[in-house]
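*Asks:* predicted model and sequence below, questions to follow.
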Amino acid sequence: MRRNARTFRGLPPHSVTGADSGIGKACAVALAQAGFDIGITWYGDPDGARRTAAEVRGTGRACEVAEMDLTRLPDSAGVVDELADRLGGLGVLVNNAGTGASAPFVDTGWERWREVLSVDLDGPFLCGQRAARRMLAAGAGGRIINITSVHEHAPRVGSAAYCAAKGGLGLLTKVMAQELAADGITVNAVAPGEISTPMTGQEDVDPATQERPGVPVGRPGDAREVAAVVALLASPAAAYVTGASWPVDGGMLMMGPQAAALTSNDWRRVEPA
């Protein structure tokens, strides 16, 4: 049995992939507010990355920024080590970068399939591997948090590649958790439902103004609500939590994978017997 590092010491730097907008940006800012220096990666939106970095630095924390294209693997995963070197260590990795596709299974092309699997599964595997090796070498424990989706747990018509990748990442999370726990490294998944972000076509939309009859809470989520769970799992207080998937979905999973397609609140009614 390896030495069990109960928790990482001090406030080590964190890295968040795909932090130029949406959930990744919210996570970077929330973790900075909790007192951590932050490394962020971006792809396709350098202005967004600069805005995230400015918000992080506005909290008084250091921020390092690097571009990372997860379709250019395995080499691009080296950005994890680059940011760790620039920040002086790595205590937490948030694997957030992701993409999706919408097409029937029979019409999903090989190139699109491979792009989604590369970004959503291969990337977290390679980035997580690099982070874990650094944490093991440092001997102070750590945290790896994989952003999956409710579709880690439930299918969605037209999302074969995305569901396959997120489902795979969910089980990869559990294997990582089993293997790394004795060294004080916890690995968990956070599974968002519909969140108001650019990826869902809702940039700068107030989720409180949107109705979702099929979701028990009745609205989409805010990226900061996902970030709050990530911040909890990144904290020393979560040292005994590993191998779990945390849905942040307003109750969507209780309603089934097509909950967002419900157009009325009739399901809420219970007729007297």
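*Replies:* That came through, no problem.

*Asks:* please identify the buried residues of the lengthiest helix in the chain?
*Replies:* As assigned by DSSP state H, the longest helix anywhere in the chain is helix 160-180. For helix 160-180, the buried set under the neighbour-count rule, 16 or more other CB atoms under 10 Å, comprises 160-170, 172-174, 176-177, 180. Every C-beta, even on glycine, is put in place using the N, C-alpha and C of the backbone.

*Asks:* do stretch 27-47 as well
*Replies:* 27-33, 36-43.

*Asks:* again, but for stretch 226-241
*Replies:* In stretch 226-241, counting by 16+ other CB under 10 Å, buried: 226-227, 229-235, 238.

*Asks:* what's in contact with it?
*Replies:* Residues outside stretch 226-241 that contact it (CB atoms under 8 Å, 6 or more residues apart in numbering): 6-8, 14, 23, 26-27, 29-31, 34, 36, 92, 94, 141, 143, 145, 147, 184, 186, 188, 190, 192, 195, 246, 248.

*Asks:* try 7 Å this time
*Replies:* Outside stretch 226-241, the residues that touch it by CB atoms under 7 Å, 6 or more residues apart in numbering are 6-8, 14, 23, 26-27, 30-31, 34, 92, 94, 143, 145, 186, 188, 190, 192, 195, 246, 248.

*Asks:* may I see the PyMOL selection of the buried members of these?
*Replies:* Here is the PyMOL selection string for the buried members of those, based on 16+ other CB under 10 Å:
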select buried, resi 7+8+14+23+26+27+30+31+92+94+143+145+186+188+190+192+195+246+248
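
*Asks:* let me know the pLDDT of the closest residue to residue 44 other than its chain neighbours.
*Replies:* Nearest-residue entry for residue 44: residue 20, 7.5 Å, with adjacent residues in sequence omitted and distances by CB to CB, 6 or more residues apart in numbering. Residue 20 carries a pLDDT value of 91.

*Asks:* what about residue 20, how many neighbours?
*Replies:* Number of residues near residue 20 (other CB atoms under 10 Å) recorded here: 25.

*Asks:* and what of the one 4 residues further on?
*Replies:* When counting by other CB under 10 Å, one arrives at 30 neighbours for residue 24.

*Asks:* now do the SS call for residue 190.
*Replies:* Secondary structure for residue 190, judged by DSSP: H, G, I helix; E, B strand; the rest coil, is strand.

*Asks:* mind jotting down where the helices sit in the protein?
*Replies:* Along the chain, the segments classed as helices by DSSP H run 22-33, 46-58, 79-87, 110-117, 123-138, 160-180, 223-234, 252-255.

*Asks:* leaving out sequence neighbours, find the closest residue to residue 31.
*Replies:* residue 14 is the one closest to residue 31 (CB to CB, 6+ apart), at 5.0 Å.

*Asks:* one more: residue 122?
*Replies:* residue 73 (5.4 Å).

*Asks:* contacts only, for the one you found.
*Replies:* Each residue near residue 73 by CB under 7 Å, 6+ apart is listed here: 118, 122-123, 126.

*Asks:* measure it to residue 174 for me?
*Replies:* 22 Å (CB to CB, to the nearest Å).

*Asks:* for residue 222, same thing?
*Replies:* 28 Å.

*Asks:* quick check: the gap between the residue nearest to residue 122 and residue 268.
*Replies:* Residue 73 is 45 Å from residue 268, where distance means CB to CB.

*Asks:* likewise for residue 184?
*Replies:* Residue 184 is 45 Å from residue 268, by CB to CB.

*Asks:* more neighbours: which of the two?
*Replies:* More crowded of residue 184 and residue 268, by other CB under 10 Å: residue 184, with 23 against 9.

*Asks:* quick one: contacts of stretch 35-42?
*Replies:* With CB under 7 Å, 6+ apart as the criterion, stretch 35-42 contacts 11, 13-20, 28, 31-32, 48-49, 52-53, 56, 61-68, 79, 83, 87, 97.

*Asks:* recalculate using a threshold of 8 Å.
*Replies:* 11-20, 24, 28, 31-32, 48-49, 52-53, 56, 61-68, 79, 83-84, 86-87, 90-92, 97, 234.
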